[in-house]
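Undergrad: prediction below, plus the sequence it came from.
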Amino acid sequence: MVTVQIQAQLSKDDLLQAVQQLDTPDLEQFVAAVVLIQGQRRAPSLPQAETALLLKINEGVPAELQRPYKALIARRRAGTLQADEQDELLRLNEQVEQIQVQRVECLVELAQLRQMPLRDLMASLGIQHLPYE
């Protein structure tokens, strides 16, 4: 997806209408970015290490990986997954799991920096446990 930068004056309602047009992966990344902005405004002087960890935590699974992954999961659930697609699903699953592992490692590191339990950190950031696909 090509992104262009424009300057425009939008009302909150106009902005919400534009956000409603995003597909789910892009919406999730957008929300994560908004939450990060909100956090920066509440605590504008976060240490650089915390900022770097928050950015990594909020990255999520890239849309170009998430789309085919979810499509293959849907085919598996429907019982229409072919053998070559099964191999592709396993490959994508490894990539998604690695991204999630890195995210959890960053969460643990941030919890240690803030000297708080991981569960409390996740609650403060609005992060819920993800269901297994």
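TA: Perfect, I can see it now. Numbering: from 1, shown residues only.

Undergrad: closest to the centroid, which residue in the protein?
TA: Centroid-nearest residue in the chain: residue 60, 2.7 Å away (criterion: CA atoms, centre = their mean).

Undergrad: now do the SS call for that one.
TA: coil (DSSP: H, G, I helix; E, B strand; the rest coil).

Undergrad: so it sits right up against residue 32, yeah?
TA: Yes - between residue 60 and residue 32 a contact is recorded at 6.2 Å, counting by CB atoms under 8 Å. (C-beta placed from N, C-alpha, C; glycine too.)

Undergrad: any buried residues in the biggest helix by length in the chain, and which?
TA: For the chain, the helix reaching the highest residue count under DSSP state H is reported as helix 83-113. For helix 83-113, the neighbour count (16 or more other CB atoms under 10 Å) marks 89, 92, 96, 99, 103, 106-107, 109-111 as buried.

Undergrad: could you dump those to a markdown table with pLDDT and distance to residue 42?
TA: Shown next, in a markdown table, are the buried residues of helix 83-113 (pLDDT from 0 to 100; distance: CB to CB, whole Å):
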| residue | pLDDT | distance to residue 42 |
| --- | --- | --- |
| 89 | 96 | 40 |
| 92 | 96 | 36 |
| 96 | 93 | 31 |
| 99 | 93 | 27 |
| 103 | 92 | 22 |
| 106 | 94 | 20 |
| 107 | 94 | 19 |
| 109 | 95 | 21 |
| 110 | 95 | 16 |
| 111 | 95 | 18 |
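
Undergrad: okay if I get these as a markdown table plus distance to residue 40?
TA: Formatted as a markdown table, these follow (distance: CB to CB, whole Å):
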| residue | distance to residue 40 |
| --- | --- |
| 89 | 37 |
| 92 | 33 |
| 96 | 28 |
| 99 | 23 |
| 103 | 19 |
| 106 | 17 |
| 107 | 18 |
| 109 | 19 |
| 110 | 15 |
| 111 | 19 |
